[in-house]
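Participant: The following comprises the amino acid sequence and a computationally predicted model.
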Amino acid sequence: QVQLVESGGGLAQPGGSLRLSCVGSGFTFGNYAKTWARQVPGKGLEWVSGISSDVRVTYYTGAAKGRFTISRDNAKNTVYLEMNSLKPEDTGLYYCAKHLTNSIASGMDSWGQGTLVTVSS
């Protein structure tokens, strides 16, 4: 079955960096777009960034633009989220998700368990 496993979360200081990874299995990883989303304490789920299957299209929310970089290595069945200049408001549970097609405009049908990011001094 489809599995997505996130890793790389942890405690970072404001201004610091973290690199999240999400490894997929049980499907042809390179055929599907991927998204990172986060659950922020006291708020709902919010999208962070997405990437098409062929890497040609990427999307960032305003909060992520200029600080986060999404990438993928289809040979390793892995999607990454490089997070720099971290802020306390980036604290949350980060999930990766698989889209229904190769486009980030399509819906999502599978989610990982999440990796916790805490930004605090």
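Facilitator: That came through, no problem.
Participant: Look up how far residue 106 lies from the residue nearest the centre of the chain.
Facilitator: Ranked by distance to the mean C-alpha position of the chain (C-alpha atoms, centre = their mean), the top residue is residue 36 at 2.6 Å. From residue 36 across to residue 106, the span is 16 Å (C-beta to C-beta, to the nearest Å). All C-beta spots, glycine's among them, are computed from the backbone N, C-alpha and C.
Participant: Give me the next element, helix or strand, following whichever strand or helix holds the residue nearest to the centre of the chain.
Facilitator: Per DSSP states H and E, residue 36 falls inside strand 34-39. Toward the C-terminus, strand 34-39 is succeeded by strand 45-51 as the next helix or strand (DSSP H and E).
Participant: That following strand pairs with which strands?
Facilitator: Partners of strand 45-51 in the sheet, by DSSP bridges, are strand 34-39 (antiparallel), strand 58-60 (antiparallel).
Participant: what's the next secondary structure element after the host helix or strand of residue 81?
Facilitator: Per DSSP H and E: residue 81 is located in strand 78-83. Later in the chain than strand 78-83, the nearest helix or strand by DSSP H and E is strand 92-99.
Participant: Could you identify the helix or strand that succeeds that next one?
Facilitator: Heading C-terminal from strand 92-99 (DSSP H and E), you reach strand 108-111.
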